[in-house]
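**Student:** I would like to see how this sequence folds:
(one chain, ligands or ions: 1)
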Amino acid sequence: MKMALQAGEKADAILHQGLIPAMGYVGERFKNNEVFIPEVLLSARTMNEALLVLEPFLADKDTQSSGTVLLGTVKGDVHDIGKNLVGVMLKGAGFKVYDLGVNVSHDVFLQKIEEIRPDVLGLSALLTTTMPCMKEVIDAIKNAGLRDRVKIVVGGAPVTKTYAEGIGADGFGEDAGDALGLVKKLMDARA
Ligand code: B1M
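**Tutor:** Coordinates of the predicted model:
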């Protein structure tokens, strides 16, 4: 990949024409029992390492924004590539990003919201079984009286706009670019 960058390939093209379709291909083969967890894990690690290399080249230097975003993959879920990509795009656009990682419970989200007072909370879930944990986080934030202090954006492959609305999120990001646009819009509306 470094060679591709040196040869003049655009980081965006490497990501959208190379890495993301490749991960989709691995997912398809996993579904068909042609590859197994170790291969998927290896591909995921490769993808996360690749994102670190691409990060400086994905920066959107024309649109420096300000604001703080707290990110995390919800409890029971260890998928982090999509979330990491959202983080890379946000950082590239000038947001300060705190990433709590994966398998994050609602009390850890709450504790961090109280500590850093982010403008936006971004929740990711890749499993149909962990999507409901997004609602648990949102409900916990409401119960703690913090809901009006933080905007909430959700995303992940099984998540839909309708689902996001149903659980009381402020928006749904179809992909990382979409999430960035949404966060910017929410920040503008706050100003
Ligand atoms: Co898992 N896995 N996995 N897996 N895995 C899926 C999600 C699955 C669809 C595979 C399949 O069966 N075809 C399936 C889910 C089925 C379902 O729930 N309906 C599945 C399963 C079943 C499982 C296990 C249960 C398997 C098992 O153990 N038997 C297990 C669960 C572990 C757990 O979390 N408790 C498991 C484990 C794993 C690995 C650990 C091996 C690995 C994850 C490693 C890692 O992330 N570090 C893994 C992987 C890599 C996948 C696939 C192959 C790829 C996911 C990915 O990274 N895609 C996936 C199949 C697939 O998606 N085709 C699969 C690339 C990434 C860029 O896309 O994450 O969708 P994505 O992110 C997108 C958007 O969704 C969006 O932006 C990104 C694009 O720009 N987005 C957001 C994501 N988060 C966002 C947040 C936002 C906004 C947008 O706002 C905050």
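**Student:** only C-alpha atoms for contact and neighbour calcs from this point on.
**Tutor:** Fine.
**Student:** need the residues of this protein near the ligand, please.
**Tutor:** 20, 23-24, 26-28, 31, 37, 40-41, 44, 76-83, 122-124, 126-128, 153-157, 173-176, 179 (Cα under 6 Å from any ligand atom).
**Student:** give the other helices and strands that the longest helix anywhere in the chain contacts.
**Tutor:** In the chain, with assignment by DSSP state H, the single longest helix is helix 37-54. In terms of contacts (3 or more Cα pairs under 8 Å, 6 or more residues apart in numbering; DSSP states H and E), helix 37-54 is packed against helix 20-31, helix 81-92.
**Student:** just name the most buried of the ones you listed.
**Tutor:** helix 81-92 (a mean of 23; mean count of other Cα atoms under 10 Å).
**Student:** check which element follows it along the chain.
**Tutor:** strand 96-99 (DSSP states H and E).
**Student:** with only the CA atoms kept, save that following strand in PDB.
**Tutor:** Taking Å, rounded to 0.1, in the frame of the first residue of the first chain, the C-alpha atoms of strand 96-99 are listed here in PDB:
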ATOM      1  CA  LYS A  96     -11.000  15.900  18.500                       C
ATOM      2  CA  VAL A  97     -11.800  12.200  18.700                       C
ATOM      3  CA  TYR A  98     -11.900  10.000  21.800                       C
ATOM      4  CA  ASP A  99     -12.200   6.300  20.900                       C
END
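**Student:** pull out the buried residues from that strand.
**Tutor:** 96-98 (16 or more other Cα atoms under 10 Å).
**Student:** cool, and stretch 66-74?
**Tutor:** Buried residues in stretch 66-74, counted by 16+ other Cα under 10 Å: 68-74.
**Student:** got it, and stretch 153-162?
**Tutor:** 153-156, 159-160.
**Student:** and stretch 39-49, by the same measure?
**Tutor:** Buried residues in stretch 39-49 (16+ other Cα under 10 Å): 40, 43-44, 47-48.
**Student:** now stretch 123-131
**Tutor:** Buried residues in stretch 123-131 (16+ other Cα under 10 Å): 123-127, 130-131.
**Student:** ok, stretch 101-120 next?
**Tutor:** Neighbour counts over stretch 101-120 (16+ other Cα under 10 Å) mark 102-106, 109-110, 113, 117-120 as buried.
**Student:** closest one of these to residue 138?
**Tutor:** residue 106 (8.2 Å; Cα to Cα).
**Student:** name the nearest residue to the residue most central in space within the chain, sequence neighbours excluded.
**Tutor:** Among the residues of the chain, the one closest to the centroid is residue 83, at 2.4 Å (Cα atoms, centre = their mean). Using Cα to Cα, 6 or more residues apart in numbering and skipping residues adjacent in sequence, the residue nearest residue 83 is residue 124, 6.1 Å away.
**Student:** how about the helices in the protein?
**Tutor:** 2-6, 11-13, 20-31, 37-54, 81-92, 106-116, 132-143, 161-166, 176-190.
**Student:** and the first one, what's its mean pLDDT?
**Tutor:** Think helix 2-6. If you average the pLDDT over helix 2-6, you get 91.
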